[in-house]
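> the sequence isn't on hand, but the structure is:
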């Protein structure tokens, strides 16, 4: 439940911020009458995202045997890849996203009006929604589906309340700190997804285990226990991982560290230029 809650909270808050920025830009140029177009685009994107989530879930539930393991492995790795891209993107765009969206609103209205504004809101929210659909589909493979859905609903509800508070009151939330903390946790989630995906490919023979069990600590903390299930859902815990799982887990952190370092260097050089 915790991973789905945090993922839904982050994606939901990003969507709320996008809507708020677009509506704020319309207010600045005295076109608040187009707010319904923005909400229409956001609602359509939410419906499309829900359809994608249902399609992924039904597809996964219909598979059996090796096909099921392959689908789960691909979904896990794809979710980890999208999650990693999102982390990198937020690090690059955190300082300029507001200006870019406001510019996009002005350009949309000046070009084709309502249709372009609808597409701007639709595509911006659809990206968040499809990402969340993919993450939640991957999460249902690791934990109970009901808990995943409960966490998602709770996270989206919290995001809606925070979004409303940000734009309807004088509340000032340190969004940069929020995204830094959640970004760090999401890196751990993504590493767990990578390890879990490699585990599935070990079982179907697509990736060799190298060493079947590097260690076995299930006698101390069984992955089937309550705590083990929580750690499995959060960080991809496995009491007896294969060597390829361990290498994938460590390799992911190394890749993330290199990528974030390059982004920080690039951003610093641009700011000092």
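Nice, I can see it. Just so it is clear, the structure is predicted and the values come from calculations on it, not from any experiment. Numbering: from 1, shown residues only.
> so residue 239 makes contact with residue 229?
No. Applying CB atoms under 8 Å as the test, residue 239 and residue 229 come out as separate, 11.3 Å apart. All C-beta atoms are positioned from the backbone trio N, CA, C, and that covers glycine.
> between these two, what contacts are shared?
The contact sets of residue 239 and residue 229 overlap at residue 223 (CB atoms under 8 Å, 6 or more residues apart in numbering).
> after the helix or strand where residue 186 lies, heading C-terminal, what element do we hit next?
Assigned by DSSP states H and E, residue 186 falls within helix 175-204. Note on helix 175-204: by DSSP H and E, the next helix or strand toward the C-terminus is helix 226-235.
> other SSEs contacting that following helix?
Applying 3 or more CB pairs under 8 Å, 6 or more residues apart in numbering; DSSP states H and E, one finds that helix 226-235 contacts helix 2-28, helix 114-142, helix 175-204.
> now those helices as JSON lines including mean pLDDT?
What follows is these, written out as JSON lines (pLDDT from 0 to 100):
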{"stretch": "helix 2-28", "mean pLDDT": "79"}
{"stretch": "helix 114-142", "mean pLDDT": "83"}
{"stretch": "helix 175-204", "mean pLDDT": "82"}
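> can you put those helices in JSON lines and add mean neighbour count?
Shown next, in JSON lines, are the helices and strands packed on helix 226-235 (neighbours: other CB atoms under 10 Å):
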{"stretch": "helix 2-28", "mean neighbour count": "21"}
{"stretch": "helix 114-142", "mean neighbour count": "22"}
{"stretch": "helix 175-204", "mean neighbour count": "19"}
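> could you dump the ones you listed to JSON lines with distance to residue 164?
What follows is the helices and strands packed on helix 226-235, written out as JSON lines (distance: least, CB to CB, whole Å):
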{"stretch": "helix 2-28", "distance to residue 164": "8"}
{"stretch": "helix 114-142", "distance to residue 164": "16"}
{"stretch": "helix 175-204", "distance to residue 164": "15"}
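> quick one: which of those is nearest residue 159?
helix 2-28 (2.8 Å; CB to CB).
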